[in-house]
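> Sequence and predicted structure below; questions after.
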Amino acid sequence: MQTDFSTMHPKLPRPLVFCGPSGSGKSTLVKRLMDDFPEKFGFTVSHTTRSPRPGEKHGQHYYFIDESDMKTAIANGDFIEHAVFSGNIYGTSFRAVEDIAKQGKIVLMDIDMQGVKQIKQTTLNPWCVFIHPPSLPELKERLLKRKTESEESLARRLAKAREEIKFGLTPNFDKTLVNDDLDKAYKELKKFVEENVLEIRIPTV
Ligand SMILES: Nc1ncnc2c1ncn2[C@@H]1O[C@H](COP(=O)(O)OP(=O)(O)OP(=O)(O)O)[C@@H](O)[C@H]1O
């Protein structure tokens, strides 16, 4: 059964959803988009049971929540989508989407493949963008350089990446990008966003 948002927010614009393996560059591209269009987009703050990384703030980067509270909230139907990744639960609450809709902004989300499958079951009708890394060795290199993962968490992310890359090749996506050169990838993303998500028609003459 579809979760019906149409009565809750009849004019809710189509959200913009990003998916791709850990390290493919989702956060980097989303940040550039938010910097270019601060008035247009609002990023949903996800809940997670994982521990905060240095510098991450509750309510800004994530809502950090313990596992039993998260499970209770999921059972209560408070989440649009949720997924288990690297042993932690992540999810987007209905509340997080409503908060952005109330500001008149387009909802921007970064979710994994399980989340994409779930959100496609709602009436939100999202634009879905998949970010591919140039290669698996390059993905590993970037995660190593980011210095945020333990050896175990790095291995889990890389193991999952193969499956995710395959999912990125399915027709679930309105746009797929290869994040090789960051400026080039961002330019392509921005064009897609302007012409589709924001429907800005740029005259060619
Ligand atoms: N085109 C690029 N070339 C080189 N490095 C890049 C490029 N895009 C992103 N990076 C770097 O790769 C690392 C991973 O990027 P980022 O954190 O944006 O990935 P992510 O997909 O959001 O990962 P996660 O899902 O784990 O949050 C970062 O250190 C980022 O600065």
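Nice, thanks for sending it over. Numbering: from 1, shown residues only.
> Below-threshold pLDDT in the chain: ranges please.
The model of the chain has pLDDT under 70 over residues 1-11, 201-203, 205.
> hey, where'd the helices end up in it?
26-36, 67-75, 94-102, 113-119, 136-146, 151-168, 182-192 (DSSP state H).
> Surely residue 193 and residue 34 touch.
No: taking contacts as CB atoms under 8 Å, residue 193 lies outside contact range of residue 34: 11.3 Å. In this view, the C-beta of every residue, glycine as well, is placed from N, C-alpha and C.
> Compare those two (neighbour count), which wins?
For residue 193 versus residue 34, neighbours defined as other CB atoms under 10 Å are more numerous around residue 193 (23 against 14).
> Report the contact partners of the closest residue to residue 178 other than its chain neighbours.
Here the nearest residue to residue 178 in space, its sequence neighbours aside, is residue 132; by CB to CB, 6 or more residues apart in numbering that works out to 4.7 Å. Going by CB atoms under 8 Å, 6 or more residues apart in numbering, residue 132 touches 20, 24, 165, 168, 176-179.
> Against the ligand, which of the residues you listed make the cut? List them.
Checking the contacts of residue 132 against the ligand by CB under 6 Å from any ligand atom, the ones in range are 20, 24, 179.
> Specify which member of those residues is nearest to residue 91.
residue 20 (18.1 Å; CB to CB).
> The residue nearest to the closest one when sequence neighbours are not counted: neighbouring residues, count only.
Beyond its immediate neighbours in the sequence, the residue positioned closest to residue 20 (CB to CB, 6+ apart) is residue 131, lying 3.4 Å away. By other CB under 10 Å, the residues close to residue 131 number 27.
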